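Undergrad: Return a 3D structure for these sequence lines:
(one chain, ligands or ions: 2)
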Amino acid sequence: MLNFEYTQPTKFVFGRGAEMHAGEELKKIGGTKCLIHYGGGSAVKSGLIDRVKASLEEAGIAYVLLGGAVPNPRDTKVYEGIELVRKEKCDCVLAVGGGSAIDSAKAIAHGSVYDGDFWDLWSGKAKITKTLPMGCVLTLSATGSESSNSSVIMQEKTRLKRGVRSDFNRPRFALMNPELTFTLPKYQIACGATDIMAHIMERYFTNEKEVGVTDYLCEALLKTVIQYAPIAVNQPDNYDAQAQIMWAGTLAHNDTCGVGRLGDWASHQIEHELSALYDVAHGAGLAVVFPAWMRYTLDNDVNRFARFAVNVFGCDMNFGNPRETALAGIERYEAFLKTIGMPVTLKELGAKAEDIPYMAKNTKRGPDGKVGAFVKLDTEDVEAILRIADR
Ligand code: NZQ
Ligand code: ZN
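TA: Numbers count the residues shown, from 1 in each chain. Ligands and ions are numbered 1, 2, ... in the order given. As a prediction, the model looks like this:
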C-alpha cells in the first residue's frame with residue numbers, strides 16, 4: 001500500500017428535502033451573494049430552481065442565475081460565468097445539476113479569482129491556488145463531481161476536453177436528494193451507473209499489492225451498483241434504488257476507495273476523446289472503451305481479472321485456467337451493460353473507425369508520453385484498444 005494524504009472537506013446533506021438547505025449552507029461558508037449555475041433547463045422545469053431560490057431568500061442570500069451548462073461543458077459558458085460573477089460581485093457559487101453543471105461551476109469559481117485566462121488552469125500552464133466557496137445540489141448520480149477533486153471542461157474551438165485535479169475542486173457542501181433523480185431519462189441513469197462503475201474499476205485495476213481495505217470497498221460498491229442500477233433504470237422513481245446509486249457514486253470518485261494505490265485512468269482519457277468528438281454521454285463512451293481496455297490489458301494480471309470475475313460478477317473460479325474465468329468476468333460486465341441499455345461498440349455509439357488514429361493521437365498522456373498506470377499505453381496501444389471496440 002502506498003503512502004497517501006487525503007482531504008475530504010465536502011459536507012454531505014443527504015435525503016429528501018436536502019436542496020432546502022442551500023441557503024443555510026451557503027451562509028455557513030460565508031456567502032452573501034451567489035451565482036446559481038445550472039444546465040439546460042431540467043432543473044427549471046422540475047421546479048428545483050424555484051425551491052433553491054426560496055431557500056436562499058429565506059437565508060437572506062442574494063443571487064444571480066446562469067443556466068446553459070451543456071453536457072461536456074464548454075469553456076465559453078465558463079467565461080460567461082466568470083464575467084457575471086465579477087460584474088455582480090458574487091462571493092460564492094452554487095451548482096444545480098449533474099457533473100456538467102458542477103464542473104462548469106468549479107471552473108467559474110476558480111476562474112473568477114484568477115488573474116489570467118482560466119484555461120491556463122486546465123491546460124496545465126498554471127496551478128489553482130484559490131477559489132470562491134462553492135457548493136452543489138446534485139441531480140444526477142454519475143460523475144462523483146459533488147465531492148471529487150476533478151473538473152472536466154471542453155475548449156470549444158479546439159474540441160479539447162481536459163480535466164484538472166486539485167483539492168480546490170472539492171465542493172464545500174453537496175446537497176443530495178435522491179428524489180431529484182426521478183425525472184432523469186432511463187438512458188442517463190444507465191450512463192451514470194456505468195460511470196460510477198468505471199470510477200471504481202479505474203482504481204481497482206492497479207499494480208499495488210496488499211490494498212485489502214480498498215479492494216473490498218471497491219467490490220462492495222460495484223456489487224451495489226450491479227444490484228440497484230437495473231432497478232433504478234426500470235423504476236426511476238424508486239427512492240431506495242436511487243439512494244444506493246447516489247451514495248455509491250459519491251464514494252466511487254471521492255477517493256475513499258482509491259487511497260494507497262495508483263489508479264489507471266486510461267479508459268477515462270480515451271473516453272474523453274469520444275465525448276469531445278461526438279458529444280456522446282461520458283458514461284456511454286466508457287461502456288464502449290472499458291471492456292475493450294480490459295481485453296487488451298488482461299494479461300498484465302490475469303489473477304486480478306479473475307478475482308474481479310468471481311467477487312464482483314459471481315463467476316466460478318477455474319483454477320486450472322484462471323484466464324478463462326477472467327474473460328468470463330469481462331463478458332458478464334459487458335452483458336450487464338447491455339441489460340441497462342448501454343452501447344458496447346463504437347458503431348452503437350455512432351463513432352467512426354476512420355477517427356481512431358486521431359483519437360489515439362489526441363488522448364491525453366503523462367510526461368513520459370504514456371497513458372495509464374496498470375499498463376502504460378502509447379498511441380499504438382490506444383489505437384489497438386479502440387479497434388477492439390470497433391466490432
Ligand atoms: O442540462 P439539463 O437540462 O439539466 O439536462 C441534463 C443533461 O442533458 C440531464 N439531467 C441532469 N439531471 C437531470 C437531468 N434530466 C432530468 N432530470 C434530472 N434530475 O442529464 C443530461 C446529462 O447531464 P450531465 O451533467 O452532462 O451528466 P453527468 O453528470 O454524467 O456529467 C458528465 C460530465 O462530467 C464529466 C464528464 O466527462 C462529462 O463532461 N466528468 C466529471 C468528473 C468529475 N468532475 O469528477 C468525473 C467523470 O469521470 C467525468 O469525466
Ligand atoms: Zn467518469
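
Undergrad: Give me the three-state assignment for Gly258.
TA: Classification of Gly258 using DSSP: H, G, I helix; E, B strand; the rest coil returns coil.

Undergrad: All the strands of this protein, residue numbers only.
TA: Using DSSP state E, the strands of the chain run over 11-14, 33-38, 62-66, 92-97, 134-138, 150-155, 160-165, 173-176.

Undergrad: quick one: which of these has the weakest pLDDT on average?
TA: Here the lowest mean pLDDT among these goes to strand 160-165, at a mean of 94.

Undergrad: buried ones in it?
TA: Leu160, Lys161, Arg162, Gly163, Val164 (16 or more other C-beta atoms under 10 Å). For glycine as for every other residue, the C-beta is placed from the backbone atoms N, C-alpha and C.

Undergrad: Ok, stretch 245-259 next?
TA: Residues of stretch 245-259 classed as buried: 245-259 (neighbour count, 16+ other C-beta under 10 Å).

Undergrad: In TSV, list the strands of the chain along with distance to ligand 1.
TA: As requested, the strands of the chain are arranged in TSV below (distance: least, C-beta to the nearest ligand atom, whole Å):
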stretch	distance to ligand 1
strand 11-14	16
strand 33-38	6
strand 62-66	13
strand 92-97	5
strand 134-138	9
strand 150-155	4
strand 160-165	6
strand 173-176	12
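
Undergrad: possible to save those strands as a markdown table with distance to Glu24?
TA: As requested, the strands of the chain are exported to a markdown table (distance: least, C-beta to C-beta, whole Å):
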| stretch | distance to Glu24 |
| --- | --- |
| strand 11-14 | 10 |
| strand 33-38 | 13 |
| strand 62-66 | 14 |
| strand 92-97 | 12 |
| strand 134-138 | 11 |
| strand 150-155 | 25 |
| strand 160-165 | 30 |
| strand 173-176 | 10 |
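
Undergrad: nearest to Ala266, of those?
TA: Closest of the strands of the chain to Ala266 is strand 160-165, at 13.3 Å (criterion: C-beta to C-beta).

Undergrad: Find out how far the one helix or strand in the chain whose mean pLDDT sits lowest is from the centre of the chain, if you would.
TA: Across the helices and strands of the chain, mean pLDDT, DSSP states H and E gives its lowest value to strand 160-165, namely a mean of 94. With C-alpha atoms, centre = their mean, to the nearest Å as the basis, strand 160-165 stands 12 Å off its chain's centre.

Undergrad: Find the residue at the geometric middle of the chain.
TA: Thr143 (2.3 Å; C-alpha atoms, centre = their mean).

Undergrad: Return the backbone torsion pair for that residue.
TA: Thr143 adopts backbone torsions of phi -80, psi -20, taken as degrees, to the nearest 10.

Undergrad: what's the angle from the least confident helix or strand of the chain to strand 150-155?
TA: Going by axes from the mean of the first three to the mean of the last three C-alpha atoms, to 10 degrees, strand 160-165 is angled at 160 degrees with respect to strand 150-155.

Undergrad: which helices and strands does strand 160-165 pack with?
TA: Contact partners of strand 160-165 among helices and strands, from 3 or more C-beta pairs under 8 Å, 6 or more residues apart in numbering; DSSP states H and E: helix 119-123, strand 150-155, helix 266-278.

Undergrad: In TSV: the ones you listed, plus mean neighbour count.
TA: Shown next, in TSV, are the helices and strands packed on strand 160-165 (neighbours: other C-beta atoms under 10 Å):
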stretch	mean neighbour count
helix 119-123	19
strand 150-155	23
helix 266-278	24
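
Undergrad: list the contacts for the closest residue to Gln244 other than its chain neighbours?
TA: With sequence-adjacent residues excluded and distances taken as C-beta to C-beta, 6 or more residues apart in numbering, Gln244 is closest to Tyr228, at 4.3 Å. Counting by C-beta atoms under 8 Å, 6 or more residues apart in numbering, Tyr228 touches Asp240, Ala241, Gln244, Ile245, Ala248.

Undergrad: and the closest residue to Glu324 other than its chain neighbours, what pLDDT?
TA: Among residues not flanking Glu324 along the chain, Asn318 sits closest, at 4.9 Å (C-beta to C-beta, 6+ apart). Note on Asn318: pLDDT of 98.

Undergrad: What degree of burial does Asn318 show, as a neighbour count?
TA: With neighbours defined by other C-beta atoms under 10 Å, the count for Asn318 comes to 16.

Undergrad: roughly how far apart are it and Asn311?
TA: Separation of Asn318 from Asn311 (C-beta to C-beta, to the nearest Å): 15 Å.

Undergrad: Same question for Arg332.
TA: Taken as C-beta to C-beta, the span from Arg332 to Asn311 is 12 Å.

Undergrad: So which residues on the stretch 101-250 of the chain come close to ligand 1?
TA: By C-beta under 6 Å from any ligand atom, the residues of the stretch 101-250 of the chain that approach ligand 1 are 101, 103, 139-140, 142-145, 148, 150-152, 180-181, 183-184, 188, 191-192, 195.

Undergrad: Emit the ChimeraX select command for whichever of these are buried.
TA: Command for ChimeraX, covering only those of these found buried under the criterion 16+ other C-beta under 10 Å:
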select :101,103,139,140,142,143,144,145,148,150,151,152,180,181,183,184,188,191,192,195
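
Undergrad: So which bits of the longest helix along the chain are buried?
TA: In the chain, assigned by DSSP state H, the helix with the most residues is helix 212-234. Neighbour-count burial for helix 212-234, counted by 16+ other C-beta under 10 Å, picks out 214-215, 217-219, 221-222, 224-226, 228-230, 232-233.

Undergrad: Using PDB, list the CA coordinates for that helix.
TA: Extracted in PDB, the C-alpha atoms of helix 212-234 (Å, rounded to 0.1, in the frame of the first residue of the first chain):
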ATOM      1  CA  GLY A 212      -7.200  -5.000   1.000                       C
ATOM      2  CA  VAL A 213      -9.400  -2.300   2.500                       C
ATOM      3  CA  THR A 214      -9.900  -0.500  -0.700                       C
ATOM      4  CA  ASP A 215     -10.100  -3.800  -2.700                       C
ATOM      5  CA  TYR A 216     -13.100  -4.900  -0.600                       C
ATOM      6  CA  LEU A 217     -14.700  -1.400  -0.700                       C
ATOM      7  CA  CYS A 218     -14.400  -1.400  -4.500                       C
ATOM      8  CA  GLU A 219     -16.000  -4.800  -4.700                       C
ATOM      9  CA  ALA A 220     -18.900  -3.800  -2.400                       C
ATOM     10  CA  LEU A 221     -19.600  -0.700  -4.300                       C
ATOM     11  CA  LEU A 222     -19.500  -2.500  -7.700                       C
ATOM     12  CA  LYS A 223     -21.900  -5.100  -6.400                       C
ATOM     13  CA  THR A 224     -24.200  -2.400  -5.100                       C
ATOM     14  CA  VAL A 225     -24.400  -0.700  -8.500                       C
ATOM     15  CA  ILE A 226     -24.900  -4.100 -10.200                       C
ATOM     16  CA  GLN A 227     -27.800  -4.800  -7.900                       C
ATOM     17  CA  TYR A 228     -29.500  -1.400  -7.900                       C
ATOM     18  CA  ALA A 229     -28.800   0.100 -11.300                       C
ATOM     19  CA  PRO A 230     -31.300  -2.100 -13.200                       C
ATOM     20  CA  ILE A 231     -34.000  -1.200 -10.600                       C
ATOM     21  CA  ALA A 232     -33.200   2.500 -10.900                       C
ATOM     22  CA  VAL A 233     -33.300   2.300 -14.700                       C
ATOM     23  CA  ASN A 234     -36.600   0.400 -14.800                       C
END
